[in-house]
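Engineer: Below are the sequence and a predicted model for it; my questions follow.
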Amino acid sequence: MSEAIPILRLEGIVKTFPGVRALDDVSFTVMPGEVHALMGENGAGKSTLMKVLGGIYAPDEGRIFIDEEPTVMTSPLQAKAKGVVFIHQELSLADELTVAENIFLGELPLKSMGRVDWAKLYGDTNRILKTLNVGFNAKTRLGDLSIANQQMVEIARALTVEPRAVIFDEPTASLTDAEKVVLFDVIAELKSRGVGIIYISHRMEEIFKITDRISVLRDGQYRGTLETAQTNEDEVTQLMIGRSLDLSRNESHHELGDVALEVRGLSCGNLFQDVSFEVRSGEVVGFYGLVGAGRTEIAETIFGLRNPSAGQILIDGQEVRISSPIDAIGYGISLVPEDRKAQGLVLGMNCRDNMTLPQVSDLTAGPFVSDGAEIAIFDQYRDKLDIRTPGWKQIVGNLSGGNQQKIVIGKWLSMHPRVLIVDEPTRGIDVGSKSEIHNLIRDLAAQGYAVIVISSEMPEVLHVSDRIVAMYSGRVMRQFTSDEVTEDSLIQAISGIEAQVLA
């Protein structure tokens, strides 16, 4: 590989924004037929570097080479014309258009008189979709697809040209395990054709499965490149955050209080059936299962977003009726949702207003909201949760993923709940911030909160939980203590292999 000519080479890139040196003399290369991971904590400079490569930002210093020819990128369209294609984490698709129109938007095939050649458009699109092995076609309305399938449409866009390099930014964030397999097959096919792949992800298991090299940024500076086959997670983490992380199983023990939340025989149509469990004060109960197991739906039902078809919910031993989130909040239940950007935050609002949003009506002074009361709440939880922001006026959309998640958690902690439900607490968060969130969850339990954690990551659920509820197809298969659970027994339970269903 070292004798080949790089497809892409960025040399000495510097990019400065007011008060921030986002990139400081960064160099990076991608070789033909390699998958090159770009890693770093949120805010390390990964996105800025890719925006420089894509012509969105002009570098203050440094040069870009394609096949060792110097080039200046002035726009994403120019980047695509030169064979550099981006697949973004944030979808930029039009719901009302067909899949074909989204894939070829701005490049629709035309016949005479400027008419769209629909036969060619649909034919070309279906040929691309066939390579992705998806269950929809060119004429499908995009808004009718799941988020995961919309991500596959975003990937299909890259295949409309003969790419020299493809940049994948957190491509599996919304994909099921089966769809990940298809994606990795597509990446392997591109690699076999000599295409260079830049793969940005926080998921270590993916990085070590599909990449050839790993380059790390920290605080806007290049920290080194490692051969994937010759390194390990600890070495990569050290480069990313400058320290090792404790990723061991939860072995902390503290005295648990009374049962704060009990669920008996809870059902919600076909989503989940006959679910029973309890959570004590000071306890973290993890819910683990495959996509579609019903974990999120249980949380939404407890929080009043769904109406149960059977069963009981008890708070401190007393049965309660919860028909809305307002009811749930009144009973001391809070929910940190799965998708913090779409469900947990107003990205265009500042940090203070996001954190105090559920209790605005309680913070009024006459007809106006009390600025002083809002700022006091924000300051308290900024310090308590170590939220890194210049101040309350910072727009939440400008924060890193980890700090955004802390804002959502702080918003609900400021309501003083008895029960805190956290759905996918570290999705899209870098490894350093992930460790901070894990420590925060354990600290909250030690302070007496009853915590439910829903996670798709086995290491995470093993690391934070005192007990684990394993679910399969809407049913509880087994409940494990942290002492008795093994990875094999957990996998068996969530795969439906366990014959015994425990109530």
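Structural biologist: Okay, I see it.

Engineer: Would you map the helices across the stretch 401-503 of the chain?
Structural biologist: 401-413, 431-446, 458-464, 487-494 (DSSP state H, counting those that start in this stretch).

Engineer: go on, the stretch 251-400 of the chain?
Structural biologist: Using DSSP H, counting those that start in this stretch, helices in the stretch 251-400 of the chain cover 295-302, 325-330, 351-356, 371-385.

Engineer: for those helices, which one sits closest to residue 423?
Structural biologist: helix 295-302 (5.6 Å; Cβ to Cβ). To be clear about C-beta, it is placed using only N, CA and C from the backbone, and glycine gets the same treatment.

Engineer: where's that closest one relative to the chain centroid, distance-wise?
Structural biologist: 19 Å (Cα atoms, centre = their mean, to the nearest Å).

Engineer: For residue 11, what is the enclosing helix or strand?
Structural biologist: strand 8-17 (DSSP states H and E).

Engineer: Buried ones in that strand, by neighbour count?
Structural biologist: 8-10, 13-15 (16 or more other Cβ atoms under 10 Å).

Engineer: List the neighbouring strands of it plus their orientation.
Structural biologist: Partners of strand 8-17 in the sheet, by DSSP bridges, are strand 20-30 (antiparallel), strand 61-66 (antiparallel).

Engineer: By mean pLDDT, show me the worst of these.
Structural biologist: Confidence, taken as mean pLDDT, is least for strand 20-30 of these (a mean of 91).

Engineer: residues of that strand that come out buried?
Structural biologist: Buried residues in strand 20-30 (16+ other Cβ under 10 Å): 22-24, 26, 28-30.

Engineer: Return the member of those residues nearest to residue 387.
Structural biologist: residue 22 (20.4 Å).

Engineer: Verify the stated contact: that closest one with residue 16.
Structural biologist: Yes - between residue 22 and residue 16 there is a contact under Cβ atoms under 8 Å: 6.7 Å.

Engineer: what is in contact with the two at once?
Structural biologist: Residues touching both residue 22 and residue 16 (Cβ atoms under 8 Å, 6 or more residues apart in numbering): none.

Engineer: Residue 385 - nearest residue in space that isn't next to it in sequence?
Structural biologist: residue 406 (4.5 Å; Cβ to Cβ, 6 or more residues apart in numbering).

Engineer: Might you report the residue contacts of that neighbour?
Structural biologist: Here residue 406 is in contact with 385-387, 437, 440 (Cβ under 8 Å, 6+ apart).

Engineer: Mind giving me the PyMOL select for those, buried ones only?
Structural biologist: Remark: buried members of the contacts of residue 406, expressed as a PyMOL selection using 16+ other Cβ under 10 Å:
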select buried, resi 385+387+437+440
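
Engineer: Local confidence estimate at residue 297?
Structural biologist: Reported pLDDT for residue 297: 95.

Engineer: what do you get for residue 436?
Structural biologist: For residue 436, pLDDT reads 84.

Engineer: ok, it - how many residues close by?
Structural biologist: 19 (other Cβ atoms under 10 Å).

Engineer: contacting residues for it?
Structural biologist: Taking Cβ under 8 Å, 6+ apart as the test, what residue 436 contacts is 386, 402.

Engineer: and the most centrally placed residue in the chain, what pLDDT?
Structural biologist: Taking Cα atoms, centre = their mean, the centroid of the chain lies closest to residue 428, which sits 2.8 Å from it. What the model reports for residue 428 is a pLDDT of 72.

Engineer: Between the helices of the stretch 251-400 of the chain, which one is closest to residue 83.
Structural biologist: Between residue 83 and those, the shortest gap by Cβ to Cβ is with helix 295-302, which sits at 39.6 Å.

Engineer: so residue 71 makes contact with residue 64?
Structural biologist: Yes - between residue 71 and residue 64 there is a contact under Cβ under 8 Å: 5.5 Å.
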